[in-house]
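In: Make a model of this:
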Amino acid sequence: MKKVLFFSVLTCAFVACGGGNVDKVKNATLRGYDTMTIGAAIEGSKICASIKYEDVSKDGLNAVKIICTESNEQIAGRNAKLEENYNAELEKYNENVKRYEKALKDAIEKNKKDRDVAIARLQDTLKKSFTKSLSYDEILKISMDNCKADAKNMTKCNDDGILSALKAAGVEESKTGFWTLKSLPSNFASVFGYHDEVLTLASRDAINAGFFSIYKPKEAPSKPEAIKTASREISFIIKPDNTVEPKKDDFFVVVDGKKEKGSYRILSEFYKR
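Out: Have a look, this model is predicted:
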């Protein structure tokens, strides 16, 4: 009798007699999914190409890890989603580029109109208070040669340079005029402030469009590389009363060797039919 009992104990130790932790997990049901066991859900799903069960019990805590290597069909679905997200990002980027370019074009056109007004006013001032007026191009050249924009887009002009250019062009104060030569550099600063190059400089990051700014789009999104391999790792705890529950914060997705935290969704998807 003792020999028979001893042999039975040895046999159970090797084959687990159906009571191992892996079997307990496979045969258990989860709350909310009472009509299907964990094993049936995972093994009956089309998600996995292969499934591995590991008893990872340690320090008195009974636990089982399930590793699901995803099927080619599942990986194709992941790649399709990647492509969809990339196309959506690219479309959004292209829309932003068009929006920015339109805003820049509109701003340049407005600047040109404002510049034309500033030059016309300066020409009128020269006619009324000085001995000679200047052409549109002459005024623009003097402003561009002697004015610059700093990092904050503030116009800084070389007043002496402007006055020397006016003198070389034969512009002198009129005896009946109201304005003096020293008052003219500020007019040239206004002309410079409406130049296309200044606008482009000021718009490196954003264009002021009324009550908001239109920001220059950053680099276009990069097309993602296709996923080659993917797997899911889920751990379960076996309680002293033999009930089973998922181990919190122990859901992982491994994509092309990169392991990241997953959510409960990667388990619930096994129950979809």
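In: all helices of the stretch 51-200 of the chain, in order?
Out: 72-129, 136-146, 159-168, 185-193, 196-202 (DSSP state H, counting those that start in this stretch).
In: tell me the most buried of the ones you listed?
Out: Ranked by mean neighbour count, the helices of the stretch 51-200 of the chain are led by helix 185-193 with a mean of 21 (mean count of other Cβ atoms under 10 Å). Where you see a C-beta, it was placed from the backbone N, CA and C, and this is true even at glycine.
In: Now find how far off-centre it is within its chain.
Out: Helix 185-193 sits 40 Å away from the centroid of its parent chain (Cα atoms, centre = their mean, to the nearest Å).
In: again, but for stretch 265-273
Out: In this view, stretch 265-273 has its centroid 29 Å away from the chain centroid, taken as Cα atoms, centre = their mean.
In: same deal with stretch 134-141?
Out: 46 Å.
In: before we move on, what about stretch 145-163?
Out: Remark: stretch 145-163 is offset 38 Å from the chain centroid, using Cα atoms, centre = their mean.
In: got the end-to-end distance for it?
Out: 12 Å (Cα to Cα, to the nearest Å).
In: try stretch 239-248
Out: 14 Å.
In: Other residues contacting that stretch?
Out: The contact list for stretch 239-248 (Cβ atoms under 8 Å, 6 or more residues apart in numbering) reads 24-25, 28, 30, 38, 63, 234-238, 264, 267.
In: switch the cut-off to 6 Å
Out: Here stretch 239-248 makes contact (Cβ atoms under 6 Å, 6 or more residues apart in numbering) with Val25, Ala28, Ser235, Phe236, Ile237, Ile238.
In: same question, stretch 126-135
Out: Residues from elsewhere that reach stretch 126-135, judged by Cβ under 6 Å, 6+ apart: Gln123, Gly170, Val171, Glu172, Ser174, Gly177, Phe178, Trp179.
In: CA atoms only: put that stretch into PDB for me.
Out: Provided in PDB are the C-alpha atoms of stretch 126-135 (Å, rounded to 0.1, in the frame of the first residue of the first chain):
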ATOM      1  CA  LEU A 126      10.300 115.300 -50.100                       C
ATOM      2  CA  LYS A 127       8.300 117.300 -52.700                       C
ATOM      3  CA  LYS A 128       6.800 119.700 -50.000                       C
ATOM      4  CA  SER A 129       9.800 120.300 -47.700                       C
ATOM      5  CA  PHE A 130      12.900 119.500 -49.800                       C
ATOM      6  CA  THR A 131      14.500 120.500 -53.100                       C
ATOM      7  CA  LYS A 132      14.100 117.100 -54.700                       C
ATOM      8  CA  SER A 133      12.000 114.000 -54.500                       C
ATOM      9  CA  LEU A 134      13.200 110.400 -55.100                       C
ATOM     10  CA  SER A 135      11.800 107.600 -57.200                       C
END
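In: low-scoring pLDDT stretches of the stretch 1-150 of the chain, where are they?
Out: Low-confidence segments of the stretch 1-150 of the chain (pLDDT under 70): 1-19.
In: just the contacts of stretch 126-135 now: which is nearest Lys112?
Out: The nearest member of the contacts of stretch 126-135 to Lys112, counting by Cβ to Cβ, is Gln123 at 16.2 Å.
In: tell me the phi and psi of the closest residue to the closest one other than its chain neighbours?
Out: Nearest residue to Gln123, sequence neighbours excluded (Cβ to Cβ, 6 or more residues apart in numbering): Ser133, at 5.1 Å. Main-chain dihedrals, Ser133, degrees, to the nearest 10: phi -100, psi 170.
In: Neighbours of Ser133, how many?
Out: The number of residues packed near Ser133 is 16, by other Cβ atoms under 10 Å.
In: Check Tyr264 too.
Out: 11.
In: Nearest residue to it in space, please, no chain neighbours.
Out: Phe251 (6.6 Å).
In: Please apply the same query to Cys147.
Out: Of all residues beyond its chain neighbours, the one nearest Cys147 is Phe192 (3.7 Å), with distances taken as Cβ to Cβ, 6+ apart.
In: With Ala41 as the reference, measure out to that neighbour.
Out: Distance, Phe192 to Ala41, by Cβ to Cβ, to the nearest Å: 72 Å.
In: for the contacts of stretch 239-248, which one is nearest Thr69?
Out: Among these, and counting by Cβ to Cβ, the member closest to Thr69 is Ser235, at 16.3 Å.
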